[in-house]
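> fold the following.
(4 chains)
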4 protein chains.
Amino acid sequence: MFEEEAAPRRPGLRRTTRLEAFSDGVFAIAITLLVLDLAVPTTQNSVRHLLEAIGDEWPGYLGYIVSFATIGALWLGHNAMTDYLDRADTTLLWLNLLLLLFVSLLPFPTRLVSEFVTTTDRAERVAVTFYGLTLLIAAALLSVLWRYALHARLIRPDADDDEITLLTSRLTPGLAGYAVLILVGLFVPVAAVIGYLAIAVFFLIPVHIRKRDHVRPPA
Amino acid sequence: MFEEEAAPRRPGLRRTTRLEAFSDGVFAIAITLLVLDLAVPTTQNSVRHLLEAIGDEWPGYLGYIVSFATIGALWLGHNAMTDYLDRADTTLLWLNLLLLLFVSLLPFPTRLVSEFVTTTDRAERVAVTFYGLTLLIAAALLSVLWRYALHARLIRPDADDDEITLLTSRLTPGLAGYAVLILVGLFVPVAAVIGYLAIAVFFLIPVHIRKRDHVRPPA
Amino acid sequence: MFEEEAAPRRPGLRRTTRLEAFSDGVFAIAITLLVLDLAVPTTQNSVRHLLEAIGDEWPGYLGYIVSFATIGALWLGHNAMTDYLDRADTTLLWLNLLLLLFVSLLPFPTRLVSEFVTTTDRAERVAVTFYGLTLLIAAALLSVLWRYALHARLIRPDADDDEITLLTSRLTPGLAGYAVLILVGLFVPVAAVIGYLAIAVFFLIPVHIRKRDHVRPPA
Amino acid sequence: MFEEEAAPRRPGLRRTTRLEAFSDGVFAIAITLLVLDLAVPTTQNSVRHLLEAIGDEWPGYLGYIVSFATIGALWLGHNAMTDYLDRADTTLLWLNLLLLLFVSLLPFPTRLVSEFVTTTDRAERVAVTFYGLTLLIAAALLSVLWRYALHARLIRPDADDDEITLLTSRLTPGLAGYAVLILVGLFVPVAAVIGYLAIAVFFLIPVHIRKRDHVRPPA
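Residues are numbered from 1 along each chain as shown, chains lettered A, B, ... in the order given. Take a look at the predicted model:
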């Protein structure tokens, strides 16, 4: 505790509080801005028309849910990492900004996918590929961030080694999954989008299972 | 205090600070984004016209106030819960993300209601039902979050049992109220919307009354 | 310090951390959303036209600056208050939500003023009056919030009495100023808008002067 | 630590937590709002057309990246400063609001540049000059903020003098760079925009190099 307080006074190292607050802000805003792209259907005033019109907007809702789940999963991963973080150096802050660049960019390819996923031509494949690349880069940067923190010894000295190994290994399958799904998206775009949702949920679930094994009653 | 500091180092459990910061961010953004949907009337330049045009926008203002009060009430409930929360596990973080999904979605059905509540046909009923379902699900998830925290023993060991029982029981009437109002909304949509406002205020008031009974002078 | 940590465990009283975080979020978002209403001029591609078009947008820039200064001043006042706040009860949280309702509403009358302040007819007076009323209510609620905190004894026991008296008295002139300017705005709308800017700056300056008198070197 | 807790109780001085939280909020929102201005191309449904249309939007992407990097660099600088900050007085809060005014304004000139950088006439020079002036003023205010904090002795008593001198001197070259690039932009607008990106990255890199020299293993 005193060690934690003393940290910012050591030269070249920063407290992690503002890194966390700024990141939480960007994650929270990016995840909430997604709703601005849900279009209100412009219909004639009849139940059937409004229901149909809402139904026609399904790509928008799908994109909303996939992006929400992905930003949520990235936030959970970011949260898990910073929990082990003792201090931050400038490279870490810089890598974190790069990650946030792609997190805050995500509403844009989401809009592209929502717009083009129902088109019959190949434009949807461009949109879905662009979307997949953004997800892949964001997940890769999260992994790089963590590996850098390990490399630069910015981790709390009292962190559990097994947990750190597990967290490290957990980040890899998602990357492979994104790479495969980008290829799938060239042939079956909608399948890729649903796959991205699965990865976001997969990101969440196994961390949970792992954690439950370790839970001990509060001392 | 030292116990609180030590918590994040226990495996599989997280500090609640980032859960709170991220949730505060999403609640704050969702509640503030509502203003973007208040349309500036496009009128001829006369007092009468501008006043009339502002008057014509009343469904927008009603939707704004109901959604603001509801997000505010959900935030108060969330705030009350996390005050008793000692630690967070991944399931709790996941449930919290699900709650935030519906909180951040709320501006969308608000727009639907503002758009359709004045139409003479049945489209308004679809909009109001959709709105009510979103509110019901959000309130239900808040209740689930709290029950899970109790079940998983994530509550501060020193929390007052009576307070916990009271907080638990307080969450139920709102859910019943939403269910009833969704039915009402099929017949008298505007009445349902005003009812939703009443629930949001009801969510706030009784917690207040309860608390005032317990207030003791600071030691 | 230990007293501060212990506070949330006393029944019916909350830590002020989430009150502050949520309020900071709403203030920050409302102040930043203002930029979305600065219109990009749609001009032919010539320097003269772009400069002229930017010049024509001056009501938008004026509204931006007045609203930015006002939200900033309200935030400074809110910040000053919560610094003396030891705990929060539900009434305070409720009053705070009401204040935030008007803070987050402010971008809307700002848009109205920007749209109508240059019209020759009386529509601008409606817009400016609506704007002034929003400012007056927000400032009044800030004052109510503070008086309630004093009344309910939610202030830190070690707070300086002179400071509290001074902060209380400082809040009144702004209210009178808004009331006068709303009347002025019925005759000279632009003068009222500039007056609102003056109040926002006045809100800031005297608190500063007061504080400088008291500054002592850190122990 | 106790000194830090005691600080807000000294008259006229504030904790820096809310200054940081509010600033983090504004930085995070301004940086995330940039994505709203990335236009979804409206194209016929063909791969070539979508790729071409995305290609045509390059000024939007360039503006996005330059503004993201600049806000990120300003945040890093702000973060570095507040790390040395012991307390805040009202002048500092006021200067900070002025800085945030220009940070939150940045999405507006970004939109201007994205709109006009490809026009053949001189309108792009107006847009790029306006953009450069906003960047220059924001960087200058960051420098003023820091110098004021030094002047008013708001720095932690235990801060390292060499670090403070270094941080002070680091802020000047960026200002000179912006001044030069504003002139360059009158002749080659795109070169100026790329130069602004270089300054943002330059802002980041040297702080990093400096810090690496000083890093010592955690005690």
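> rest of the way, CA atoms for contacts and neighbours
OK.
> show me the contacts for residue A:166.
By C-alpha atoms under 8 Å, 6 or more residues apart in numbering or on different chains, no residues touch residue A:166.
> just give me how far the helix or strand harbouring it sits from the chain centre.
If you go by DSSP states H and E, residue A:166 is part of helix A:161-187. Helix A:161-187 has its C-alpha centroid displaced from the chain centroid by 12 Å (C-alpha atoms, centre = their mean, to the nearest Å).
> one more: stretch A:90-101?
Shown here is stretch A:90-101, whose average C-alpha point lies 14 Å from the average C-alpha point of the whole chain (C-alpha atoms, centre = their mean).
> any idea of the mean pLDDT for the longest helix anywhere in chain A?
Assignment by DSSP state H gives helix A:123-151 as the longest helix of chain A. The average pLDDT for helix A:123-151 rounds to 89.
> please point out which parts of it sit buried.
A:123-146, A:149-150 (16 or more other C-alpha atoms under 10 Å in any protein chain shown).
> kindly report the same for stretch A:23-30.
Residues of stretch A:23-30 classed as buried by neighbour count (16+ other C-alpha under 10 Å): A:23, A:24, A:25, A:26, A:27, A:28, A:29, A:30.
> got it, and stretch A:55-70?
With burial defined by 16+ other C-alpha under 10 Å, the residues of stretch A:55-70 counted as buried are A:57, A:59-70.
> and the furthest pair within those residues?
The span of the buried residues of stretch A:55-70, defined through C-alpha to C-alpha, is set by A:57 and A:70 at 20.3 Å.
> please flag which of the buried residues of stretch A:55-70 sit within helices.
Under the assignment DSSP H, those contribute A:59, A:60, A:61, A:62, A:63, A:64, A:65, A:66, A:67, A:68, A:69, A:70 to helices.
> present the buried residues of stretch A:55-70 as JSON lines; the columns should include pLDDT and distance to chain B.
Output for the buried residues of stretch A:55-70, formatted as JSON lines (pLDDT from 0 to 100; distance: C-alpha to the nearest C-alpha, whole Å):
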{"residue": "A:57", "pLDDT": "75", "distance to chain B": "13"}
{"residue": "A:59", "pLDDT": "79", "distance to chain B": "15"}
{"residue": "A:60", "pLDDT": "81", "distance to chain B": "12"}
{"residue": "A:61", "pLDDT": "85", "distance to chain B": "10"}
{"residue": "A:62", "pLDDT": "87", "distance to chain B": "13"}
{"residue": "A:63", "pLDDT": "87", "distance to chain B": "13"}
{"residue": "A:64", "pLDDT": "90", "distance to chain B": "9"}
{"residue": "A:65", "pLDDT": "91", "distance to chain B": "8"}
{"residue": "A:66", "pLDDT": "91", "distance to chain B": "11"}
{"residue": "A:67", "pLDDT": "92", "distance to chain B": "11"}
{"residue": "A:68", "pLDDT": "93", "distance to chain B": "7"}
{"residue": "A:69", "pLDDT": "92", "distance to chain B": "8"}
{"residue": "A:70", "pLDDT": "91", "distance to chain B": "11"}
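> for those residues, which one is nearest chain D?
Within the buried residues of stretch A:55-70, proximity to chain D (C-alpha to the nearest C-alpha) peaks at residue A:60, which comes in at 13.6 Å.
> which residues does that closest one contact?
By C-alpha under 8 Å, 6+ apart, the neighbours of residue A:60 are A:37, A:38, A:39, A:111, A:114, A:115.
> residue A:108 touches residue D:35, doesn't it?
Yes. Counting by C-alpha atoms under 8 Å, residue A:108 sits close enough to residue D:35 to count as a contact (6.5 Å).
> distance of the residue sitting nearest the centre point of chain A from residue A:81?
The C-alpha lying nearest the average C-alpha coordinate of chain A belongs to residue A:74 (C-alpha atoms, centre = their mean; 2.8 Å). In this view, residue A:74 and residue A:81 are 11 Å apart by C-alpha to C-alpha, to the nearest Å.
> still on that earlier bit, just the ones of the contacts of residue A:60 in helices?
When helices are assigned by DSSP H, the members of the contacts of residue A:60 inside them are A:111, A:114, A:115.
> the last one contacts residue A:57, doesn't it?
Pointing back at residue A:115 there. No. Contact status for residue A:115 versus residue A:57: not in contact, 9.5 Å apart, counting by C-alpha under 8 Å.
> of the buried residues of stretch A:23-30, closest to residue A:96?
Comparing the buried residues of stretch A:23-30 against residue A:96 with C-alpha to C-alpha places residue A:23 closest, at 8.0 Å.
> check that closest one and give its pLDDT.
At residue A:23, the predicted lDDT confidence score is 93.
> what's near enough to touch it?
Residue A:23 makes contact with A:100, D:28, according to C-alpha under 8 Å, 6+ apart.
> what helix or strand is it on?
Here residue A:23 is covered by helix A:17-33, with elements defined by DSSP H and E.
> tell me how far that helix lies from the chain's centre.
Between the mean C-alpha point of helix A:17-33 and the mean C-alpha point of its chain there is a distance of 12 Å (C-alpha atoms, centre = their mean).
> ramachandran coordinates for the closest residue to residue A:85 other than its chain neighbours?
In space, residue A:85 comes closest to residue A:155 once its chain neighbours are excluded; the distance is 4.5 Å by C-alpha to C-alpha, 6 or more residues apart in numbering or on different chains. Backbone torsions for residue A:155, taken as degrees, to the nearest 10, come to phi -80, psi 150.
> ok, residue A:155 - contacts?
If you count contacts by C-alpha under 8 Å, 6+ apart, residue A:155 has them with A:84, A:85, A:86, A:87, A:149.
> closest one of the residues you listed to chain B?
Proximity of the contacts of residue A:155 to chain B was ranked by C-alpha to the nearest C-alpha; the top entry is residue A:84 with 8.0 Å.
> what residues are up against the closest one?
A:155, A:156, A:159.
> per-residue pLDDT, it?
Residue A:84 is assigned a pLDDT of 87 by the prediction.
> before we move on, what about residue A:103?
You'll see residue A:103 listed with a pLDDT of 94.
> which of the helices or strands spans it?
Remark: residue A:103 resides in helix A:90-105, with elements defined by DSSP H and E.
> any part of that helix near chain D?
Yes. Counting by C-alpha under 8 Å from any C-alpha of the partner chain, chain D has neighbours in helix A:90-105: A:90, A:91, A:93, A:94, A:97, A:101, A:104, A:105.
> rebuild those as a markdown table, extending it with neighbour count.
A markdown table is the format used below for the residues of helix A:90-105 next to chain D (neighbours: other C-alpha atoms under 10 Å in any protein chain shown):
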| residue | neighbour count |
| --- | --- |
| A:90 | 22 |
| A:91 | 20 |
| A:93 | 19 |
| A:94 | 20 |
| A:97 | 23 |
| A:101 | 21 |
| A:104 | 27 |
| A:105 | 21 |
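> so how far is residue C:71 from the residue lying closest to residue A:37 once chain neighbours are set aside?
If you skip the residues right next to it in sequence, residue A:37 has residue A:111 as its closest partner in space, 6.8 Å away by C-alpha to C-alpha, 6+ apart. Look at residue A:111 and residue C:71: by C-alpha to C-alpha, they are 32 Å apart.
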